[in-house]
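Asks: I'd like to go over a predicted model; first the sequence, then the structure.
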Amino acid sequence: MTRAALLASALAVVACSSSHGAPPSTASTPPPSVTPLPSLRVTPESLRALEPFTKDLASKRVVMLGEPDHYVHEKYANQLLWVTKLFAAGFRHVGLEMGRAQGRRFDRYVETGDETWLGMSPRVAKALSMPEGILSTGKAATWPENDGNERSAFFRALRRLSESRPEGTERLSVFGFDVDFFPAMGFVHAGEILEGASGADVEALRAMLVPEGGNDTTRAAKARAFCTERAAALRAALGPARHGELAASLRQLEESARYTDRAMHNPTLPELIAAHADRERTMFWQMDEHLARVRAGTVLGGHLMHLSKASGRIRFGAAGEDPMWRSIGTHLSETYGDAVAGIWMLYGGGTHGGHACQGAACTIVPPDGVVEKELAALGERFLLPLGENARASLRGDVRFMQNGELGSGELARQADLLLFVRDVHAPDDDGVAELDAFAPPVRHPTRGGRPRTPRRSAGGRGAL
């Protein structure tokens, strides 16, 4: 795979002992620093295994879950396990590597249980512009549909978790901290903010927010400029809170459209890297905005290169190849200090989806010299400390896998804890069934624990 394709597969989102089999462990008694994890499923045993780390993590404002691959079932299982544990400790927000508008749709589902929010608005589907070149996906690939189905099952599990809370306590909320890869979503979302409001300025802006009709960047910039120029009238029509959300959404929409103009239309490698760096800065201000508004803890899920605490010390490929730009994880770590913790997940092999993958799954072939080969000898699934307490083989310049390709750098500085899973699996029906089987560990009689969802959508690619 070319370095450009590596970057694309690592950072683009179209965004346990499981029911999948795993090879038996060949490790004997694990070293003292190794904490075995019996499963990535939410079970009493797996929750107890996290207990030694929970007291410290519960005191944080942000816990980052860095995934090595977007398109593996274990990403969802790991996120659900940690969110369940931290929800019990008072965390109430889940931020994911997806756009603001997409995250808002999933949040509406978690709030209401109406599964039409898990699907794609017909207005958005009509206006979609699919990626070309590096970020494109072949028509024969079925893994995107499988991933969409698992993503829907994941949000159904979050809904059940949220509804298991005691009556009168804050629900679980979901948000996206990235750009929207399909700006049509952002136009629809901004239009929804105007619902119920009236006036000449509201109607003029509403007309600008149809999800189709010309260059997205030009139209988004025009809508944002109008919102700025007519701020007083729009604030009077919407109220301060809705106007603030509108202004932020239009800023994110303009930046999303600019990103897709540069990254989605067969860019060169330097163009793609520059677009990714600008995209990351969109993450910065959205996370700062979120943290200024909320008090309860936040779990972030995203690619481990994004959620790296010292991104200047890692790179795509081997030494001397493409360095990582300043990441959202580094921004948060340097801005909020010890209030931010990171957990990186690595895997030893298995199958996954990805932009170069045709069909339902591709086999992961570990590159030479990656640290995962050593970690696989320690056990099937376990946690290890990073930072100052990292084992010697994780310090210094280390070769590791991300999206099945090579990454390298100072691994021990990127997170506080490492989760290793020897074998992972591309999303499939078994993964959906496992997530749909999730039951919250505590069910309050006033809420029931597994609320009925009023409507079901088709899922699949529509889950974008």
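Replies: Everything's here; your move. Numbers count the residues shown, from 1 in each chain.
Asks: leaving out sequence neighbours, find the closest residue to residue 216.
Replies: In space, residue 216 comes closest to residue 257 once its chain neighbours are excluded; the distance is 3.9 Å by CB to CB, 6 or more residues apart in numbering. Using the backbone N, CA and C atoms, a C-beta is placed for each residue, glycine as well.
Asks: average pLDDT across stretch 95-106?
Replies: For stretch 95-106, the mean per-residue pLDDT is 97.
Asks: quick one: pLDDT of residue 11?
Replies: 51.
Asks: look up how far residue 346 lies from residue 385.
Replies: Using CB to CB, to the nearest Å, one gets 14 Å for the distance from residue 385 to residue 346.
Asks: these two: which is more packed in?
Replies: The residue with more neighbours, out of residue 385 and residue 346, is residue 346; 27 against 18, by other CB atoms under 10 Å.
Asks: helix, strand, or coil at residue 300?
Replies: Assigned by DSSP: H, G, I helix; E, B strand; the rest coil, the conformation of residue 300 is strand.
Asks: OK, contacts around the residue lying farthest from the centre of the chain?
Replies: Most distant from the centre of the chain: residue 200, at 38.3 Å, with distances by CA atoms, centre = their mean. Listed by CB atoms under 8 Å, 6 or more residues apart in numbering, residue 200 has no contact partners.
Asks: pLDDT wise, what is it at?
Replies: Looking at residue 200, its pLDDT stands at 97.
Asks: for residue 5, same thing?
Replies: So residue 5 comes in at 45 (pLDDT).
Asks: what segments of this structure are strands?
Replies: 35-36, 62-67, 93-99, 173-178, 298-303, 314-316, 340-347, 350-352, 362-364, 381-385, 397-402, 405-410, 417-421 (DSSP state E).
Asks: pairing partners for the longest one, with directions?
Replies: As defined by DSSP bridges, the strand partners of strand 340-347 come to strand 62-67 (parallel), strand 417-421 (parallel).
Asks: go on, the shortest one?
Replies: Its sheet considered, strand 35-36 pairs with strand 381-385 (antiparallel) by DSSP bridges.
Asks: same check on the fourth one?
Replies: Each strand that strand 173-178 pairs with, and the sense of that pairing, follows from DSSP bridges: strand 93-99 (parallel).
Asks: what lies in contact with the partner strand?
Replies: 13, 15, 70, 79, 83, 103, 106, 158, 172-182, 185-186, 252, 256, 287, 290, 294, 296-303, 306.
Asks: again with stretch 397-406
Replies: Stretch 397-406 is contacted from outside by 1, 6, 9-10, 68-70, 303-305, 316-319, 346-347, 352, 354, 362, 364-367, 369-372, 407-412, using CB under 8 Å, 6+ apart.
Asks: stretch 310-322 now?
Replies: With CB under 8 Å, 6+ apart, stretch 310-322 has contacts from 3, 6-7, 10, 269, 273, 305, 308, 323-327, 329-330, 333, 397, 399, 402, 405-411, 413-414.
Asks: apply 6 Å and report the result again.
Replies: Contacts of stretch 310-322 with the rest of the structure, by CB atoms under 6 Å, 6 or more residues apart in numbering, involve 3, 6-7, 308, 323-324, 326-327, 330, 406-410, 413-414.
Asks: related to what we said a few turns ago, how far away is the residue nearest to residue 216 from residue 184?
Replies: Here residue 257 is placed at a distance of 10 Å from residue 184 (CB to CB).
Asks: over to residue 171?
Replies: Distance from residue 171 to residue 184, by CB to CB: 28 Å.
Asks: looking at the two, which is more packed in?
Replies: A direct count of neighbours by other CB under 10 Å for residue 171 and residue 184 places residue 184 higher, at 24 against 13.
Asks: my read: the more buried one touches residue 211, true?
Replies: Yes. Counting by CB atoms under 6 Å, residue 184 touches residue 211, with 3.9 Å between them.
Asks: if we can go back for a sec, ok now do the residue nearest to residue 216, which residues does it touch?
Replies: 183, 216-217, 220.
Asks: if we use 8 Å, what do you get?
Replies: Going by CB under 8 Å, 6+ apart, residue 257 touches 183, 186, 216-217, 219-221.
Asks: now residue 150
Replies: 73, 76, 427-428, 431-432, 435.
Asks: could you dump these to a markdown table with pLDDT and distance to residue 87?
Replies: Shown next, in a markdown table, are the contacts of residue 150 (pLDDT from 0 to 100; distance: CB to CB, whole Å):
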| residue | pLDDT | distance to residue 87 |
| --- | --- | --- |
| 73 | 98 | 21 |
| 76 | 98 | 16 |
| 427 | 96 | 23 |
| 428 | 96 | 27 |
| 431 | 97 | 21 |
| 432 | 97 | 22 |
| 435 | 98 | 16 |
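Asks: one step back: farthest-apart pair in the contacts of residue 257, please.
Replies: 186 and 221 (12.5 Å; CB to CB).
Asks: between these two, which one's more packed in?
Replies: residue 186 (30 against 16).
Asks: nearest residue to the more buried one other than its sequence neighbours?
Replies: residue 253 is the one closest to residue 186 (CB to CB, 6+ apart), at 3.7 Å.
Asks: ok, residue 412 next?
Replies: The nearest residue in space to residue 412 (CB to CB, 6+ apart) is residue 390, at 3.8 Å.
Asks: what's around the one you found, how many residues?
Replies: Residue 390 is flanked by 22 other residues according to other CB under 10 Å.
Asks: got a list of what the residue nearest to residue 205 when sequence neighbours are not counted touches?
Replies: Spatial nearest neighbour of residue 205, chain neighbours left out: residue 226 (5.8 Å); criterion: CB to CB, 6+ apart. By CB under 8 Å, 6+ apart, the residues touching residue 226 are 201, 204-205, 208.
Asks: can I get those residues in a markdown table with distance to residue 98?
Replies: Below are the contacts of residue 226 laid out as a markdown table (distance: CB to CB, whole Å):
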| residue | distance to residue 98 |
| --- | --- |
| 201 | 30 |
| 204 | 30 |
| 205 | 25 |
| 208 | 24 |
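Asks: in JSON lines, list those along with distance to residue 56 and neighbour count.
Replies: Formatted as JSON lines, the contacts of residue 226 follow (distance: CB to CB, whole Å; neighbours: other CB atoms under 10 Å):
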{"residue": "201", "distance to residue 56": "50", "neighbour count": "20"}
{"residue": "204", "distance to residue 56": "52", "neighbour count": "14"}
{"residue": "205", "distance to residue 56": "46", "neighbour count": "25"}
{"residue": "208", "distance to residue 56": "48", "neighbour count": "19"}
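Asks: and of those residues, the nearest to residue 121?
Replies: Set against residue 121, the nearest of the contacts of residue 226 by CB to CB is residue 208 (17.5 Å).
Asks: dihedrals phi and psi, residue 322?
Replies: Dihedral pair for residue 322: phi -60, psi 120, per degrees, to the nearest 10.
Asks: chain neighbours aside, what residue packs nearest to it?
Replies: What sits nearest to residue 322 in space, not counting adjacent residues and going by CB to CB, 6+ apart, is residue 316, at 4.3 Å.
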